[in-house]
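Asker: Need a 3D model of the sequence below.
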Amino acid sequence: MGKPLISKKLSVAPMLDWTDRHCRTFHRKMTKHTVLYTEMITTGAILFGRGDYLHFNEHEGPVALQLGGSDPKALAQCAKLAAERGYDEINLNVGCPSDRVQNGRFGACLMGEPQLVADCVAAMKEQANIPVTVKTRIGIDEQDSYEFLCALIEASHNVGCDDFIIHARKAWLKGLSPKENREVPPLDYPRVYQLKKDYPQLHLSLNGGVKTIADSQAHLAHVDGIMIGREAYSNPFILSEVDEKIYGDGNFTQSRHDVVRSMYDYIESEMQQGANFWHIARHMLGIFQGQPGARGFRRHLSENGHGKQADLSVMDKALSFVPQ
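Answerer: Residues are numbered from 1 along each chain as shown. Okay, here's the model as predicted:
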């Protein structure tokens, strides 16, 4: 028996260099139901790297591990380790278009090898008693037909994967940077909606360009889940609406100031174990997005949070720029 299935009406996307355990701890202060994802972690880092790449804190859950790789055997080993460590889900990255990911033969280039993706999924499912899911784009380069997307989905579904996250843009493997690949290819939400109509038995989450909880509610009329990316990072207080408006559970009553202060114990504890203040505080820069004093808060934190001497006094001072 695995862990009980989690509700994935809303999740925060795995984002490289962003969604680390400090970020997830911060996000969890505002929502108890949103599913949080790790950054993409390669199989090589987990199996051969120095350090514990699978570490997360219990308070972060529900949390999913996103894996990067294309060797079924290595992915199976990592899936087994992740399940033993208590993750709620393992997600295979079939959508990242960066050059370094392509050079490792994983990410979006795997869309061109649907059978290999299926082999990877099957190997992971055999070793892990938690859900194995796939995150993908709607196409790559000139291979962007609806039939191409369906072939990828069907191959993995045939080996037991019934949960897919679809970034509603295609990826250009050559000619666009990762940043441009998040913005230049047009969004095609109707294609994801059509996928849900044609495969009603699948759990389909939509990713790409979702900026508000109202947007999420509108999309949920067509798909099973929404994955928010950069907006949850640059304007994290939107997560305070999720439990009530998406999951129908409770009313978040804390202020932005309350959320920041609720991180103090965690920051102190982590710093006592050698963590750098800025490595945690940087994730909190957007908490006052759109509020009076937000610029002063960000500026003070950015200018004074980097040094070895930086501590909670820097955060206290930054908070003084924002009216209660």
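
Asker: Now do the SS call for G250.
Answerer: Here G250 is recorded as coil under DSSP: H, G, I helix; E, B strand; the rest coil.

Asker: Tell me which residues touch the closest residue in space to it that isn't next to it in sequence, please.
Answerer: On the basis of CB to CB, 6 or more residues apart in numbering, the spatially nearest residue to G250 that is not a chain neighbour turns out to be D243, at 5.4 Å. (Glycine included, C-beta is placed from N, CA and C.) By CB atoms under 8 Å, 6 or more residues apart in numbering, the contact set of D243 is T31, K32, H33, T34, D249, G250, F252.

Asker: For burial, what's the neighbour tally of Q273?
Answerer: Q273 has 6 neighbouring residues, counting by other CB atoms under 10 Å.

Asker: Please apply the same query to G248.
Answerer: 9.

Asker: can you check A108 too?
Answerer: For A108, the neighbour count with other CB under 10 Å is 26.

Asker: In this structure Q115 contacts A155, no?
Answerer: Yes. If you go by CB atoms under 8 Å, Q115 and A155 touch, sitting 5.8 Å apart.

Asker: Low-confidence stretches in the stretch 101-250 of the chain?
Answerer: 101-106, 175-179, 181-184 (pLDDT under 70).

Asker: Run through the helices of it in chain order.
Answerer: Assigned by DSSP state H, counting those that start in this stretch, the stretch 101-250 of the chain shows helices spanning 114-127, 146-157, 178-181, 189-198, 213-219, 230-234, 242-245.

Asker: ok, the contacts of D243 vs I6, which is closest?
Answerer: Of all the contacts of D243, I6 sits closest to H33, with 8.5 Å by CB to CB.

Asker: Tell me the spatial nearest neighbour of the closest one, not counting adjacent residues.
Answerer: Y247 (4.5 Å).

Asker: Now do that neighbour against K8, distance only.
Answerer: For Y247, the distance to K8 equals 11 Å [CB to CB, to the nearest Å].

Asker: same question, R137
Answerer: Between R137 and K8 the computed distance is 19 Å (CB to CB).

Asker: Show me which of those two is the more surrounded one.
Answerer: The neighbour comparison of R137 against K8 (other CB under 10 Å) goes to R137, with 26 against 23.

Asker: Correct me if wrong: that one contacts W172.
Answerer: No. Using CB under 8 Å, R137 makes no contact with W172, being 10.0 Å away.

Asker: Pull up the distance across stretch 79-96, start to finish.
Answerer: In terms of CA to CA, to the nearest Å, the two terminal residues of stretch 79-96 are separated by 19 Å.

Asker: in the chain, which spans are strands?
Answerer: 10-12, 35-42, 63-68, 89-94, 132-137, 163-167, 203-207, 225-228 (DSSP state E).

Asker: tilt between the longest one and strand 89-94?
Answerer: Counting by axes from the mean of the first three to the mean of the last three CA atoms, to 10 degrees, strand 35-42 points 50 degrees away from the direction of strand 89-94.

Asker: C-alpha coordinates for strand 35-42, CSV please?
Answerer: What follows is strand 35-42, C-alpha atoms only, in CSV (Å, rounded to 0.1, in the frame of the first residue of the first chain):
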residue,chain,number,x,y,z
VAL,A,35,0.8,20.5,-3.8
LEU,A,36,4.4,21.7,-3.9
TYR,A,37,7.1,20.4,-6.2
THR,A,38,10.9,20.2,-5.8
GLU,A,39,13.1,21.7,-8.4
MET,A,40,14.0,19.2,-11.1
ILE,A,41,16.7,16.9,-9.7
THR,A,42,18.7,14.7,-12.0
